[in-house]
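Engineer: Provided below are the primary sequence and the corresponding predicted coordinates.
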Amino acid sequence: MLNKMIAHTLPLLPKELIWYFSKTYIAGETVTDAIRVSRDLNRSGASVTVDLLGEFITDIDMAAMYREAYLDLIEQFAASPVKGNYSLKPTMFGLLIDPGHCYAAIRRIVQAAAAHGSFVRIDMEDSRCVDLEVELFNKLQEEFPRNVGLVLQAYLKRTPDDLEKFRRSQSAGDKEPLNFRLCKGIYVEPHQIAYQDMPAINRAFIENLDFMLRNGMYVGIATHDRKLIEQAEQLISHYGAGRDQYEFQMLYGVTPRLRQRIIASGHKMRVYVPFGKSWFGYATRRLKENPTLVQHLLRALLIKG
């Protein structure tokens, strides 16, 4: 209850105070900020995935602005010694307004990343977007098999069926494994389509992870849950999965000590680094959708990593 009260109160507070809470898990407003934070994370042994904040545009003309911003981001990162790749949200490019226009914009971004030997992760958004984003991924993956991946959410009851469809679609001769990030899921969804209690979500997470490792899919294991991490390590050991088959992923600023423990254990780690002028909306929405982040933020402020 305290977490929820704090999360719903934050949007009413001065922006400067919100930034005091948010700066521990948002790199800043500029590409320079993102590069600085990414270099620090690289020095700690982690690679990054960088996300320019913004989503659910209402004017399709904004898609071109964000496309150009991503192309500039890719060029600046390519010119700097940063080990990482990119994440994006399709609604930033008008997915719910004009899917064709959205596809063209994202294809151009993936093409630019591929030219630099890099990679773009398509974030999964709320249930209105899932089918469209799966379709978008499938289309891009055919053309750029090494350079595009998708996020899957364990709390969605449809995810095992989606994974089975992906398995069937990948022929035995494919050289590149399908590449997914597996997370619990953050959007508020009805019980008909999403598990509501954490034990069920955690079970689904491990079952989906087991399927991915068993079927040769590359998986980014995105969680800060210690028990899930331990179970993931057991599965990795059980299947003898090499470092080219998985990585752990975490949010910037959240559970940094646990992150370093995972790195010290010899696992690959990738940190999600959001940045941009739209940080205020991102911060307040994420806190409302997942009030437990308040605990991580307060802890981070107190112990400073």
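Structural biologist: Right, received. Where do you want to start?
Engineer: going forward, measure contacts between C-alpha atoms and count neighbours the same way
Structural biologist: Fine.
Engineer: Helix or strand for Pro274, just tell me which one.
Structural biologist: For Pro274, the element it lies in under DSSP states H and E is strand 269-275.
Engineer: Could I get the full set of strands for the chain?
Structural biologist: Using DSSP state E, the strands of the chain run over 47-52, 84-88, 120-122, 148-153, 179-183, 218-222, 246-251, 269-275.
Engineer: could those go into a markdown table alongside mean neighbour count?
Structural biologist: Shown next, in a markdown table, are the strands of the chain (neighbours: other C-alpha atoms under 10 Å):
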| stretch | mean neighbour count |
| --- | --- |
| strand 47-52 | 24 |
| strand 84-88 | 23 |
| strand 120-122 | 24 |
| strand 148-153 | 25 |
| strand 179-183 | 23 |
| strand 218-222 | 24 |
| strand 246-251 | 22 |
| strand 269-275 | 25 |
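Engineer: Let's have those in TSV, adding mean pLDDT.
Structural biologist: Listed next are the strands of the chain as TSV, based on pLDDT from 0 to 100:
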stretch	mean pLDDT
strand 47-52	98
strand 84-88	98
strand 120-122	98
strand 148-153	98
strand 179-183	98
strand 218-222	98
strand 246-251	97
strand 269-275	97
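Engineer: any chance of the ones you listed in JSON lines, plus distance to Asn208?
Structural biologist: Output for these, formatted as JSON lines (distance: least, C-alpha to C-alpha, whole Å):
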{"stretch": "strand 47-52", "distance to Asn208": "22"}
{"stretch": "strand 84-88", "distance to Asn208": "21"}
{"stretch": "strand 120-122", "distance to Asn208": "18"}
{"stretch": "strand 148-153", "distance to Asn208": "9"}
{"stretch": "strand 179-183", "distance to Asn208": "8"}
{"stretch": "strand 218-222", "distance to Asn208": "10"}
{"stretch": "strand 246-251", "distance to Asn208": "13"}
{"stretch": "strand 269-275", "distance to Asn208": "20"}
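Engineer: Any chance you could list what contacts stretch 35-50?
Structural biologist: Contact with stretch 35-50 is made by 27, 34, 77, 80-87, 260, 263, 268-275, as judged by C-alpha atoms under 8 Å, 6 or more residues apart in numbering.
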